[in-house]
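Participant: Here is a sequence with its predicted model. Questions after.
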Amino acid sequence: MEHNQNYYDDRKYCESCNAYVHYLMSIDHSFCVECGSTVRLFSKDDWQAFNEELKQRRPKGGRPRKNGRGKESA
C-alpha cells in the first residue's frame, strides 16, 4: 500500500489476479491490464487495515469540559 506520484507506477488491486496491477481507467471503472477485470483501490485486507488506522487517529468523542463549572461569574 504505497502512495505513488508517478502515473506509470500507479497500481490498483485486481481480485482475479490477486495482486496490485497496472490498470486502464475509464469514466466509471478501472480495468486490469492483465485480465480485464474491474480493479479497486485496495484489497480487502488493506482496506480493513486502512480503516483501523483511521479509527486510531480519530480524536475521542465528546465535548471538552468547561473550566470553572459551578463557579459564579461577576
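Facilitator: Great, that's in hand. Worth saying up front: this structure is predicted, and the values here are computed from it rather than measured. Numbers count the residues shown, from 1 in each chain.

Participant: so what's the closest residue in space to residue 29 that isn't next to it in sequence up against?
Facilitator: Spatially, and ignoring its direct neighbours in sequence, residue 29 is nearest to residue 38 (5.1 Å; C-beta to C-beta, 6 or more residues apart in numbering). Quick note: C-beta positions are derived from backbone N, CA and C, even for glycine. Residues in contact with residue 38 (C-beta atoms under 8 Å, 6 or more residues apart in numbering) are 29, 30, 31, 32.

Participant: Let me know the helix or strand that the third one is in.
Facilitator: I take that to be residue 31. According to DSSP states H and E, residue 31 maps onto strand 30-32.

Participant: Just after that strand, pick out the following helix or strand.
Facilitator: Going down the chain from strand 30-32, the next helix or strand is strand 39-40, by DSSP H and E.

Participant: List the pairing partners of that following strand within its sheet, with orientation.
Facilitator: strand 12-14 (antiparallel) (DSSP bridges).

Participant: could you give the mean pLDDT of the strand it pairs with?
Facilitator: Across strand 12-14, the average pLDDT comes to 95.

Participant: where does the chain have low pLDDT?
Facilitator: 1-4, 68-74 (pLDDT under 70).

Participant: how near is the spatially most central residue of it to residue 28?
Facilitator: Nearest residue to the geometric centre of the chain (C-alpha atoms, centre = their mean): residue 50, 5.4 Å. Separation of residue 50 from residue 28 (C-beta to C-beta, to the nearest Å) stands at 23 Å.

Participant: wait, doesn't the residue nearest to the centre of the chain sit right on residue 44?
Facilitator: No. The criterion here is C-beta atoms under 8 Å, and residue 50 misses it with residue 44 at 10.7 Å.

Participant: I'd assumed the residue nearest to the centre of the chain was in a strand, is it?
Facilitator: No. Assessed with DSSP: H, G, I helix; E, B strand; the rest coil, residue 50 is helix; it does not lie in a strand.

Participant: Report the spatially nearest residue to it, omitting neighbours in sequence.
Facilitator: Residue 50 sits nearest to residue 42 (C-beta to C-beta, 6+ apart), 6.3 Å away.

Participant: One more: residue 15?
Facilitator: That would be residue 37: by C-beta to C-beta, 6+ apart, it lies 6.8 Å from residue 15.
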